[in-house]
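I need the structure of the sequence given here:
(one chain, ligands or ions: 2)
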Amino acid sequence: MPAPNLARPIVQLKRVETFSAAHRLHSTELSDEENLQIFGKCNNPNSHGHNYTWEAVLKGPVDPRTGMVYNLADLKKEMAVVLEMVDHKNLDKDVAYFRDNNIISTTENLAVFLYTELKNRMRSPELLYEVTVRETDKNIFTFSGSFS
Ligand SMILES: Nc1nc2c(c(=O)[nH]1)N=C([C@H](O)[C@H](O)COP(=O)(O)OP(=O)(O)OP(=O)(O)O)CN2
Ligand SMILES: [Zn+2]
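Ligands and ions are numbered 1, 2, ... in the order given. I've put the predicted structure just below:
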């Protein structure tokens, strides 16, 4: 017998991963003095590291056939591919997105990178709602796919 045609509840789900990476905040468009003035200790030429937390939030209707918005087993595999790109890496030297495009490895830009790379790998990319990256317990950044 077919399922009754009920309205589908919209639910958010979140998966949390952690990774470690090194980086240096430095702009090739600024002088050494300007870099030091803007980025301070984070401009240390020998880099520094963080234990990052990465949260991916999906939002969508619960599929009555599966009872799920999105299968976490799929999300886990998709996030793992992206994690491989950053975990135990130097973001400025090992990650082509930052290295080849001279993108400063702020956590704002890291959140954009993780959002884009995950979305590109998702079975239903339209369900990705937002990505949050915690650089430290106090510094937290969220990207929802908006551009000015
Ligand atoms: N807008 C941004 N500002 C800063 C970023 C960033 O990504 N976006 N990043 C940094 C540095 O990476 C730095 O490592 C931050 O670490 P730290 O100052 O140690 O972190 P806390 O604020 O948590 O440290 P406390 O001194 O304990 O408050 C800087 N700015
Ligand atoms: Zn840092």
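
check contacts around the most centrally placed residue in the chain.
Of all residues in the chain, the one closest to the mean position by CA atoms, centre = their mean is residue 114, 2.9 Å from it. Shown in contact with residue 114 (CB atoms under 8 Å, 6 or more residues apart in numbering): 54, 56, 82, 86, 131, 133. All C-beta spots, glycine's among them, are computed from the backbone N, C-alpha and C.

Just the buried ones from these, in ChimeraX syntax?
Per 16 or more other CB atoms under 10 Å, the buried members of those correspond to this ChimeraX selection:
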select :54,56,82,86,131,133
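
In strands, which of the contacts of residue 114 fall?
Judged by DSSP state E, the subset of the contacts of residue 114 located in strands is 54, 56, 131, 133.

Between those, which sits nearest ligand 1?
residue 133 (8.9 Å; CB to the nearest ligand atom).

What's the local residue count around residue 96?
A count of neighbours around residue 96, defined by other CB atoms under 10 Å, yields 8.

What parts of this structure come near ligand 1?
25, 42, 48, 106-108, 135-136, 138-139 (CB under 6 Å from any ligand atom).

Among those residues, which one has the most neighbours?
residue 107 (21 neighbours).

can you give me the offset of the helix or strand containing residue 84 from its chain's centre?
Assigned by DSSP states H and E, residue 84 belongs to helix 72-86. How far helix 72-86 lies from its chain's middle: 11 Å, per CA atoms, centre = their mean, to the nearest Å.

Stretch 131-141 too?
10 Å.
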